[in-house]
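Q: please work out how this folds:
(chains A and B)
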Number of protein chains: 2
Amino acid sequence: MTRASHSARNFSVIDHTHDAAAKSWVASANGHAAFPLQNLPLGVFTIHDGPGSLATAIGDQVFNLTDANSAGLLPEKFRYVLSWTGLWELLELDRSDLTELRHALFALLAEGAERQPEAERLLIPQAKCKMLLPTRPPGYTDFYAGIHHAENVGKLFRPDAPLLPNYKYVPIGYHGRTSTVCVSGEPVRRPKGQLKRGDGPPEFAATERLDYEVELGLWVLGSNALGEPIPIAEAGQHLAGVTLLNDWSARDIQAWEYQPLGPFLAKNFMTSVSPWLVTMDALEPFRVPQAPREKGDPAPLDYLAEDEPRALDIAIEVSLAKAGKPAVVVGRTNARNLYWTPEQLLTHHASNGCAMEPGDLLGTGTISGEGGDALGSLLEMSAHAGSAFLEDGDEVIMTAHCSREGFAPIGFGECRGTVTAS
Amino acid sequence: MTRASHSARNFSVIDHTHDAAAKSWVASANGHAAFPLQNLPLGVFTIHDGPGSLATAIGDQVFNLTDANSAGLLPEKFRYVLSWTGLWELLELDRSDLTELRHALFALLAEGAERQPEAERLLIPQAKCKMLLPTRPPGYTDFYAGIHHAENVGKLFRPDAPLLPNYKYVPIGYHGRTSTVCVSGEPVRRPKGQLKRGDGPPEFAATERLDYEVELGLWVLGSNALGEPIPIAEAGQHLAGVTLLNDWSARDIQAWEYQPLGPFLAKNFMTSVSPWLVTMDALEPFRVPQAPREKGDPAPLDYLAEDEPRALDIAIEVSLAKAGKPAVVVGRTNARNLYWTPEQLLTHHASNGCAMEPGDLLGTGTISGEGGDALGSLLEMSAHAGSAFLEDGDEVIMTAHCSREGFAPIGFGECRGTVTAS
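A: Numbering: from 1, shown residues only, chains lettered A, B, ... in the order given. Here you go, the predicted structure:
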């Protein structure tokens, strides 16, 4: 019996927790750009480098779910899963359970909540908290669903045919390394590797072409049994939420190593994610059709065909702070530019019976838009004038927001990383 | 402080535990083709589908290490790591600890052992045991170090230049999926996927080109900190042992999906490993120079340069049993055909600072030899006359042995898998 069999189809539930007029008794939440009452993301924090506590973000505060659980402020059914130091056990639940938890948090943190006095004691300023990785992903897969990125990179090698023939049929993906998935803020040490600089043999040296890649990270909820696919109509039940993801890349190592089996050491030295998992429930109002599908494009094969628009309208910004200087925005893009939806990526992954597990992380692939200011990596900018790769001391900062007329805007917080010397 | 810093260099210790004349009080061990007293592999078994117990194999018996530990028959220092239901905690130790455990087991199971009467009660016939996965690997990486396989496959696409220019410099590898690593005996369900059969669009259907790949699985011992490479002189300290590995592959899915990021759904539906981890200590007598290095080949770059021959002389046989028929040997090869040693693969993997972890699994890549009867996959045989891919009901059986004049031969047991319908 798999979780997938519990439900009939995906769903887009917009309910009272998305009401733009709803206000929290946490004053900083009302009108907060990222964490109003309508967001309620999930994360893990520590204060004195002790074990992690589960939390949601509300305004500029962290609300301690572990302590709220101990204090009996949350439904009894979550007692076990909220007693851990990471999100993994929570991600074993069903989508309807996450929705129930969201409703409970909304009630507890909304204006007029009966137990406000007890809950108030469980707020901690975010500035005092160190955020941890939400959970160690058991599996990490990186897709290549950003079609403009695929075209931009493809053009560097094949100007006349940048997209390969499989691109519009197969959600292209490959496995990444889970041991080096880190939370925002971890410094990224410039990796060494084999560099082929001229006609002679390669040298082993520090990368000279260190890059970022702007992606979303999709976090898997529940599991499917080995050999049992996840039908597209049920895929939404198996997605918990979304973070930002920086797929740090060493382009010179990549160029020399990647044939014929794909990227390896060029990528696996570090992957950064933002700490707050913005739930699929919070994102439901921001579902839109995929931007890049053109009229002549093939329809998805049946196993990937969806009956409603499932792309996410998430505006993403990437900034670069050169050592000691203020950050400058270097790219603006949107998750609508992904060719495949989160549900299509997950269903494709499990379509051969591959066992997906709670907390699995799926990178979407680099999200670029159309035009030179909408590029998700420096590699793509290098095709334009004057761009260089990352230097020691550079900090890369990604942020993201969702907005739609009639709904409270929500945000993702930041995914940061500073480059350090080899 | 990383484990890697504890020791100065690799070592080849041949000691009294390799003495060909040594005999066990377990009668079936003496002269046993796979599990004489000189082998002492590590594994995990269960009898009534209960939790796993740790074990070594001795002759046709399993010796229960968990119970031996409880009974005080093993050194006190192993009390904690042997109290678990899998090998993971044991793989957090140092190589010298594994050597000490080997010595303790050798003393306990050798003729004349004082505590033989107590130990005898902890033997169980292997035929009564169900073997489990030694540990769930936190990471799984598959290399491509079988140069003859790389040449054979390369010839199918590039007859004049089968090996890519990077092959003799870079140990080519890519990440695999850990959730579908299974122990020998698990049936392999024929996966579905996108197949591009003609000029039209692809279809989603069951693979028609299901294949096996003969590999070794190397199991990592201890860890290195993120950002800290493992020097080649210390790599031997970070290898626990070796199993057989079958990298099941769907060639039609692979051909359509693999550009540009490598194999994905064509491989991640299942990977099988043999249950007994043959320790590096047991394998030390069987170190030899790599077979395929030719005089004109480039020397390994400094970070991969070794000062002694470190290839493994392991003869591997693969048999195919068509439904209801006896098994027929379809390939004979040897791990000497790997272009890179286990230590080189591990050091390369960590050379960019990638964090390796206890229980990580490294596939070597398909091991083919020279000549048409030394092929590690059906794909390669398809270049010869009359070969077909796997049919439902087919069973693939891999076995392996080491032998050297003056030493007791040792073996790996079996890695089996039967194909079932989609």
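
Q: would you mind measuring from whichever residue of the stretch 251-400 of chain A sits closest to chain B to residue B:360?
A: Relative to chain B, the nearest point of the stretch 251-400 of chain A is residue A:262 (2.7 Å; CB to the nearest CB). In this view, the C-beta of every residue, glycine as well, is placed from N, C-alpha and C. Here residue A:262 is placed at a distance of 19 Å from residue B:360 (CB to CB, to the nearest Å).

Q: one more: residue A:298?
A: 39 Å.

Q: just residue A:212 next, same as before
A: With CB to CB as the criterion, residue A:212 and residue B:360 are 26 Å apart.

Q: those two: who's more crowded?
A: residue A:212 (29 against 26; other CB atoms under 10 Å in any protein chain shown).

Q: for the more buried one, which non-adjacent residue is spatially closest?
A: residue A:396 (4.7 Å; CB to CB, 6 or more residues apart in numbering or on different chains).

Q: burial of residue A:20, as a residue count?
A: Residue A:20 - counted by other CB under 10 Å - has 13 other residues nearby.

Q: wait, it touches residue A:38, no?
A: Yes: if you go by CB atoms under 8 Å, residue A:20 and residue A:38 touch, sitting 7.3 Å apart.

Q: okay, and the common contacts of these two?
A: Common neighbours of residue A:20 and residue A:38 (criterion: CB atoms under 8 Å, 6 or more residues apart in numbering or on different chains): A:407, A:408.

Q: in the stretch 101-250 of chain A, which spans are strands?
A: A:123-125, A:130-132, A:140-143, A:173-175, A:181-183, A:188-189, A:192-195, A:203-206, A:210-211, A:214-220, A:239-246, A:249-250 (DSSP state E, counting those that start in this stretch).

Q: which residues touch the second one?
A: With CB under 8 Å, 6+ apart as the test, strand A:130-132 has contacts from A:43-47, A:49, A:52, A:86, A:183-185, A:275-276.

Q: also the third one?
A: With contacts defined as CB under 8 Å, 6+ apart, strand A:140-143 is touched by A:171-178, A:181, A:215, A:247, A:267, A:271, A:340, A:345, A:349, A:360-365, B:177, B:264.

Q: one more time with 6 Å
A: A:171, A:173, A:175, A:176, A:178, A:181, A:345, A:361, A:362, A:363, A:364, A:365 (CB atoms under 6 Å, 6 or more residues apart in numbering or on different chains).

Q: picking that back up, I figured the residue of the stretch 251-400 of chain A closest to chain B hits residue B:175, correct?
A: No: between residue A:262 and residue B:175 there is no contact under CB atoms under 6 Å: 8.7 Å.

Q: any stretches of the stretch 1-150 of chain A with poor pLDDT?
A: Within the stretch 1-150 of chain A, the stretches with pLDDT under 70 are A:1-12.

Q: change it to 50
A: A:1-10 (pLDDT under 50).

Q: list the contacts of residue A:419.
A: A:188, A:390, A:392, A:394.

Q: quick one: buried residues of whatever helix or strand it lives in?
A: Using DSSP states H and E, residue A:419 maps to strand A:410-420. Within strand A:410-420, the residues scored as buried using 16 or more other CB atoms under 10 Å in any protein chain shown are A:410, A:411, A:412, A:413, A:414, A:415, A:416, A:417, A:418, A:419.

Q: dump it to CSV, restricted to CA.
A: Presented in CSV, the C-alpha positions along strand A:410-420 are these (Å, rounded to 0.1, in the frame of the first residue of the first chain):
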residue,chain,number,x,y,z
ILE,A,410,4.8,35.9,0.3
GLY,A,411,8.5,35.4,0.2
PHE,A,412,11.2,32.8,0.6
GLY,A,413,13.8,34.5,2.6
GLU,A,414,17.4,34.3,1.4
CYS,A,415,19.8,31.7,0.0
ARG,A,416,23.3,33.1,0.6
GLY,A,417,26.9,31.9,0.2
THR,A,418,30.3,33.5,0.2
VAL,A,419,33.2,32.1,-1.7
THR,A,420,36.4,31.3,0.3
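
Q: partners of it in the sheet?
A: strand A:188-189 (parallel), strand A:395-402 (antiparallel) (DSSP bridges).

Q: for these, which one sits closest to residue A:220?
A: strand A:395-402 (19.8 Å; CB to CB).

Q: which outside residues touch the closest one?
A: Residues contacting strand A:395-402 (CB under 6 Å, 6+ apart): A:212, A:214, A:244, A:286, A:314-321, A:327, A:409-412, A:414-418.

Q: that one versus strand A:239-246: what angle between them?
A: Strand A:395-402 runs at 150 degrees relative to strand A:239-246, counting by axes from the mean of the first three to the mean of the last three CA atoms, to 10 degrees.

Q: before we move on, the earlier item: among the contacts of strand A:140-143, which ones are in helices?
A: residue A:345 (DSSP state H).

Q: in JSON lines, list the contacts of strand A:140-143 along with distance to chain B and pLDDT.
A: What follows is the contacts of strand A:140-143, written out as JSON lines (distance: CB to the nearest CB, whole Å; pLDDT from 0 to 100):
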{"residue": "A:171", "distance to chain B": "9", "pLDDT": "98"}
{"residue": "A:173", "distance to chain B": "5", "pLDDT": "98"}
{"residue": "A:175", "distance to chain B": "4", "pLDDT": "98"}
{"residue": "A:176", "distance to chain B": "6", "pLDDT": "98"}
{"residue": "A:178", "distance to chain B": "6", "pLDDT": "98"}
{"residue": "A:181", "distance to chain B": "10", "pLDDT": "98"}
{"residue": "A:345", "distance to chain B": "12", "pLDDT": "98"}
{"residue": "A:361", "distance to chain B": "13", "pLDDT": "98"}
{"residue": "A:362", "distance to chain B": "12", "pLDDT": "98"}
{"residue": "A:363", "distance to chain B": "12", "pLDDT": "98"}
{"residue": "A:364", "distance to chain B": "14", "pLDDT": "98"}
{"residue": "A:365", "distance to chain B": "9", "pLDDT": "98"}
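
Q: OK, contacts around the nearest residue in space to residue A:245 that is not next to it in sequence?
A: What sits nearest to residue A:245 in space, not counting adjacent residues and going by CB to CB, 6+ apart, is residue A:217, at 3.7 Å. Applying CB under 6 Å, 6+ apart to residue A:217 gives the contacts A:243, A:245, A:273, A:361, A:363.

Q: next one: the longest helix along chain A to chain centre, how far?
A: Ranked by residue count and defined by DSSP H, the top helix of chain A is helix A:95-109. Computed by CA atoms, centre = their mean, to the nearest Å, the chain-centroid distance of helix A:95-109 equals 21 Å.

Q: contacts for that helix, please.
A: Counting by CB under 6 Å, 6+ apart, A:17, A:24, A:37, A:40, A:56, A:58, A:74, A:75, A:119, A:237, A:281 sit against helix A:95-109.

Q: now that helix: buried residues?
A: A:95, A:97-106, A:108-109.

Q: between the contacts of strand A:140-143, which is nearest residue A:125?
A: Nearest to residue A:125 among the contacts of strand A:140-143, with distances taken as CB to CB, is residue A:181, at 26.8 Å.

Q: run through the bridge partners of that closest one.
A: Beta-bridge partners, per DSSP bridges, of residue A:181: residue A:271.

Q: burial of it, as a residue count?
A: With other CB under 10 Å as criterion, residue A:181 counts 22.

Q: contacting residues around it?
A: A:137, A:140, A:271.

Q: can we see that at 7 Å?
A: A:133, A:137, A:140, A:271, A:273, A:361 (CB atoms under 7 Å, 6 or more residues apart in numbering or on different chains).

Q: up against chain B, what does the stretch 201-350 of chain A have?
A: A:201-202, A:204, A:226-227, A:256-257, A:259-265, A:268-269, A:298, A:301-303 (CB under 7 Å from any CB of the partner chain).
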